[in-house]
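> A predicted structure for the sequence below; I have some questions about it.
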Amino acid sequence: MNISANQPFLGKNHLIFLMCCDMRNFSKVAQALEMTQSAVSKSIMALEKEVGFPLFIRNSRPMTLTPEAKLLQQYLSQVNGEYRNLMDSIRSRSFLRPILRIGILESLSLSMGVEIVRRMIPELSQVTIITASANVLKQRLEERKLDLIITNDISSGDKSFFRKKLFKEPSVFLLPQRIASSNSSWSWENIALCGLPMISYWRETGAGQINDMFLKMHGLDFTERIVVDTNAIMVKLVAEGIGWAFTRPTTVLENIHMLSKLVVAEIKSPVLLREVFLMGREGEFTQEAEHVARICRSVLLHSIIPEIQRFAPWTVSDMKPLEN
């Protein structure tokens, strides 16, 4: 079983219970911890025997916590958070620095991710930066394999996690130079007639999910002929004249070396506006989260926005740093 060393205070059964509260699925918890589903069930049953009441309504999908379990979850999360804060205080006094694991969207990794490491490493003994799509980042947070994530999460609210709004970001059309020169203004109607296919994000990625939801909501239908799972591949395919895409300005910024072969065009209406959050578990890594949020807003204001102003100036008015 792979329980994080960052969570040493609670017992094994308590930690498995908290993960089950977050993920609401024994098989997913078992997979994350490299255990059998039977072992997870036995752990929960042992805890139920210890506390004297049932923890989950198992015949619901997803599993539902009993009222008593919600109180236990709140208490254990608070205890775990207080323990972490105490350990951080002791480490600080003893000049021992904490460990922090951060997940971040690919489109923000080179800008925000690098700067987070640069500014936080003096305060940490180790910092880990993991790049992934929104759905994978959320899963890793639920599995306690990451402590904080920077994401455009689209799932419903969960009181087990906090969210700090960082910024909003409108989408743009991304076209190869030779096609873009044939039209000075692009709409969803005329881009469908440009002679090239749309390059889509794979639906298993966070970007694929929000793009697909947006297109369906507005009755926009494009035949899927090219599907990718990374921004770099998408931008390269557009730069090579193989297709067009709709994506975010930060995606272009991460691949700025290809800008000379691209045209970034404004989407008049409808426009997908994604929200970017800093997320973590309630009561845990609160001080680190505040610091990371300040770094992200500073990078956005002083680095990202001025760079995007060069190639997509109409987007920057929507990209001001947000405060909760």
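Sure, I can see it.
> So which bits of the lowest-mean-pLDDT helix or strand in the chain are buried?
Averaged element by element with mean pLDDT, DSSP states H and E, the chain has its least confident helix or strand at helix 67-93 (a mean of 75). Using 16 or more other C-beta atoms under 10 Å as the test for burial, helix 67-93 gives 69, 72, 73, 76, 77, 80, 81, 83, 84, 88. C-beta here means a position set from N, CA and C on the backbone, and glycine is covered the same way.
> now the residue in the chain sticking out farthest from the centre: how far from residue 72?
Centroid-distance maximum for the chain: residue 52 at 37.2 Å, with C-alpha atoms, centre = their mean. Computed as C-beta to C-beta, to the nearest Å, the residue 52 to residue 72 distance reads 11 Å.
> Backbone dihedrals for the residue farthest from the centre of the chain, both of them.
Residue 52 adopts backbone torsions of phi 90, psi 20, taken as degrees, to the nearest 10.
> Where do the strands of the protein begin and end?
Taking DSSP state E as the test, the strands found in the chain are 56-57, 64-65, 99-104, 126-131, 148-151, 161-170, 172-176, 199-201, 226-228, 245-247, 262-266, 273-281.
> Now that we have these, can you turn them into JSON lines and tack on distance to residue 211?
Rendered in JSON lines, the data for the strands of the chain read as follows (distance: least, C-beta to C-beta, whole Å):
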{"stretch": "strand 56-57", "distance to residue 211": "34"}
{"stretch": "strand 64-65", "distance to residue 211": "31"}
{"stretch": "strand 99-104", "distance to residue 211": "19"}
{"stretch": "strand 126-131", "distance to residue 211": "19"}
{"stretch": "strand 148-151", "distance to residue 211": "15"}
{"stretch": "strand 161-170", "distance to residue 211": "13"}
{"stretch": "strand 172-176", "distance to residue 211": "13"}
{"stretch": "strand 199-201", "distance to residue 211": "6"}
{"stretch": "strand 226-228", "distance to residue 211": "11"}
{"stretch": "strand 245-247", "distance to residue 211": "7"}
{"stretch": "strand 262-266", "distance to residue 211": "17"}
{"stretch": "strand 273-281", "distance to residue 211": "9"}
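> of all these, which lies closest to residue 296?
Counting by C-beta to C-beta, residue 296 lies closest to strand 161-170 out of the strands of the chain; the figure is 5.1 Å.
> Count the neighbours of residue 294 for me.
With neighbours defined by other C-beta atoms under 10 Å, the count for residue 294 comes to 12.
> go on, residue 310?
Neighbouring residues of residue 310 were enumerated by other C-beta under 10 Å; the total is 11.
> Kindly give the local confidence score, pLDDT, for it.
Residue 310 is assigned a pLDDT of 94 by the prediction.
> Please apply the same query to residue 202.
Checking the pLDDT column for residue 202, the value is 92.
> Contact partners for the closest residue to it other than its chain neighbours?
The spatially closest residue to residue 202, leaving aside those adjacent along the chain, is residue 229, at 4.3 Å (C-beta to C-beta, 6 or more residues apart in numbering). Contact analysis of residue 229 by C-beta atoms under 8 Å, 6 or more residues apart in numbering lists 133, 201, 202, 204, 205, 208.
> pretty sure the second one is touching residue 207, no?
Read that as residue 201. Yes. Here residue 201 reaches residue 207: they are 4.3 Å apart, a contact under C-beta atoms under 8 Å.
> More neighbours: which of those two?
Higher neighbour count among residue 201 and residue 207: residue 207, with 27 against 23, using other C-beta under 10 Å.
> My guess is that one contacts residue 134. True?
Yes. Counting by C-beta under 8 Å, residue 207 sits close enough to residue 134 to count as a contact (7.3 Å).
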